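Participant: sequence-free structure coming up:
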RNA sequence: GCCGGAGUAGCCGAAUCGGUACAGGCGAUGGUCUCAAACACCAUUGGGGGUGACCCCGUGCGGGUUCGAAUCCCGCCUCCGGCACCA
């Protein structure tokens, strides 16, 4: 038997696969298709274990589908535009294009080491002009269909990144990449009208997506039902407000406008103007972050103006406060302090009246001045004119009787109407950056906006520019100066497209990466679309995944798929609803976290100076006991020469001066503080924490097959968990055992039919188990089943208890079942066993339920639900027989104590429960 | 604060429908091999009690429903993720 040499085998197999074009995927209408997709990576230049964790299980599933007879498309590409490349240009004077290309080249090599079935001839790179030509083309389509527009809005400006950002890219008032604060600015920018699809985006009827993602998107879209009502004023126009509680209109005692609201100026009286302007200036200065930090402090200012409550004709004061946002609803609210906690706090702060209009169910109406907090529960409407006496519940929208009655009445009176609002805002897609696809628009100077003609696409990014942290496009004349359709001088748009736009349609480009007649070739699309299984991280729930859904719906409505539908009909495929959603099944993988590690146990001698310990000597000694030194304990953290040591009783800070001695017995020579190992907790891997696992090292040490298998085996895939550097040995042993089984010369010794039957049974049960588990994205249990089969085969090999033919079948079945997980070693053994064709072209074995069926099952006998006996019975055992067997058990007899059971519950053939 | 998800052995994790709790792996312990160690192989491995057949306890905590609960219901605790003046 030859030694298992993973490096030689894996490299040779990968080369052979590439040369033979084994993984080329071509349209073949005679076979069912399966489009498997994983989220395209950003070319960070270093493939980390997370990439392996995301990609290799998806590859295993794609391989399985292929063996099941599907024609599988499994492509890969790079999301290659973005800021890091530009930062590198500024910091290291490397052109973003060069930087990106180098990194992609490096990552391709690493990706290939995984041994995936990626069809590299379909690769796309989003910064290639051939690709972004169609990104620009899609922008134009959106523009021409009124779905892209230039408008002024309050937007998130990041001073750090020197660009605006979409709402989805701002978390807690900070940008999601660098965590630096953003400020709100009123700017003219390009938007996509995603809000027009808000209602359709709330529907998930035809797709199989994880519940958390659907919930997150639903919350992000934030649909709320209510009414719009106009409050007339004497000084300006009417103030339009949105409310989800129109039934409480009779309790509105003041209005509040957002600081940026256009009517603020007109409503402000001269005597209030200084205070109002001071407040507006202060509000404008605040970053989003500061605004949120201050959210507990109620601030606001009275404008001096009044508006008339249209339901009762009362004049109420108009205030300005930054807790009202211009971007939501109408930027103005009616305040009902009696029934809204924020309004209540505001009213108490500024001594505004509180008028209750809901009499609590089963309670008494409390006078406004005596209320300690707002009342938000159910009850009966009071003091509310036409809706007096109507019940109010906790239901939202028209489902609440009081709200429905009010909306009907408002409509009748012509003072308001039902209305729906969304938290979702239009997608801001301009970026004041260089490394992105230029927005294909020019400004002739007449105030008009002209899109670049299709034949002039792509608008190329100029290469010969200088980088200083701002976009060089704004000052680069050869790019900036152009001519309009009539040949008059014009200026180019200098903003580029949000990179999320590049990734909002990339799976279409895989279909025909070189196609020149459109973003994709209808002949390919008709066969492959839509994506059947999409896998990736859940962090994209409201970014990429929401944008992608919007894009498909918009493309459908812009008739981009019409030619595809025609081709589908020719081949007898019904295109109905196939372009409503991009990804039919979505699964999110979890994350591989850093491994826990105990820190060195230290013995420190020194003296205490001003309450701190200053070390004279530091020694590593795993057996040290308290009292062996001034400080004895585990090193928890180290910052420069300062150590945090956990002793039996407390955490002590120890300073280690340069002249102190450091002694680490396991490291020869002179030691220093930097060599001490500190404690690592289970947390995300990051270079600064020093808990990163490098997959390249693992491949060298264990081989890609082992790394793949282990990543799929060690965790529940959709959950992830901490890395375990010793655990991988279990997967390595498994692969080595498979090698041993595949290479073994089997010798029949004492053939025994019972063992042969058990082996065949186990084999067919494993076939069914592994296939089912892969389909349900449960890789860990699939591999566990294969390990069990391995255990069984090792025993059979030793004992020689089955016929040689049965042995051969079992070993080859094991190889077939393992092929999707460990493609190299199975391929090697397959060929060594005399097969000419690749194992990856073989069919998945068929599980025979007849063979898999157990001839006997263990029937559990319970007394009052507690297990008292286990009896082997025939699986087809009848009720009477089972009960008789149970009652006959000598383990049951004592509980019956000679009497009769009260009831007997059976779940045949597994269980009999005797109730006494 | 609100909305999701999760909590099972020393660790990672199994457990179609409410029906045998812990499959598989890691680690640990003992043994074989070795001068020794590592590797490899074999065996044991939730806790407690009993000479033994066996018995009791055990799925974050406290209750409940049920013949029977890791699984369903109610109330808590902890961790992870998302949102956060959303009118």
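Facilitator: Received it, and whenever you're ready, just let me know what you need. On a predicted model such as this, the values are computed, not experimentally measured, just so you know.

Participant: all contacts plus neighbour counts: C-alpha atoms, from now on.
Facilitator: Will do.

Participant: Residue in the stretch 401-550 of chain A with the shortest distance to RNA strand B?
Facilitator: Distance from RNA strand B to each residue of the stretch 401-550 of chain A (C-alpha to the nearest atom of the strand) is smallest for residue A:423, at 4.0 Å.

Participant: Counting neighbours, what do you get for that residue?
Facilitator: As a burial measure, residue A:423 scores 16 neighbours (other C-alpha atoms under 10 Å).

Participant: for residue A:283, phi and psi?
Facilitator: phi -70, psi -40 (degrees, to the nearest 10).

Participant: Assign a three-state SS to the residue of the stretch 401-550 of chain A closest to RNA strand B, would you?
Facilitator: Assigned with DSSP: H, G, I helix; E, B strand; the rest coil, residue A:423 falls in the coil class.

Participant: quick one: pLDDT of the residue found closest to it once you drop the neighbours it is linked to in the chain?
Facilitator: Spatially, and ignoring its direct neighbours in sequence, residue A:423 is nearest to residue A:222 (4.7 Å; C-alpha to C-alpha, 6 or more residues apart in numbering). On the pLDDT scale, residue A:222 is placed at 92.

Participant: Pull the contacting residues for residue A:222.
Facilitator: A:421, A:422, A:423, A:424 (C-alpha atoms under 8 Å, 6 or more residues apart in numbering).

Participant: what's the spacing between the last one and residue A:223?
Facilitator: Right, the one you point to is residue A:424. 8 Å (C-alpha to C-alpha, to the nearest Å).

Participant: Among the contacts of residue A:222, which one lies nearest to residue A:169?
Facilitator: Within those, proximity to residue A:169 (C-alpha to C-alpha) peaks at residue A:424, which comes in at 13.0 Å.

Participant: Contact partners for the closest one?
Facilitator: A:195, A:198, A:220, A:221, A:222.

Participant: residue contacts, the fourth one?
Facilitator: Think residue A:221. So residue A:221 contacts A:198, A:202, A:422, A:423, A:424 (C-alpha under 8 Å, 6+ apart).

Participant: which non-adjacent residue is nearest the second one?
Facilitator: When the adjacent residues along the chain are set aside, residue A:202 lies closest to residue A:218, with 6.0 Å between them (C-alpha to C-alpha, 6+ apart).

Participant: Show me how chain A divides into domains.
Facilitator: A:28-136+A:501-593, A:143-201+A:213-219+A:426-500, A:224-421, A:601-679, A:695-852, A:857-915 (automatic domain parsing).

Participant: just to confirm, which helix or strand has residue A:739 in it?
Facilitator: Taking DSSP states H and E as the definition, residue A:739 sits inside helix A:728-743.

Participant: Touching, residue A:332 and residue A:260? I think so.
Facilitator: No - here residue A:332 does not reach residue A:260: they are 10.2 Å apart, not a contact under C-alpha atoms under 8 Å.

Participant: Show me whatever sits in contact with both of these two.
Facilitator: With C-alpha under 8 Å, 6+ apart, residue A:332 and residue A:260 have common neighbours residue A:326.

Participant: who has more neighbours, these two?
Facilitator: residue A:332 (27 against 21).

Participant: Name the nearest residue to the more buried one, ignoring sequence neighbours.
Facilitator: residue A:257 (4.4 Å).
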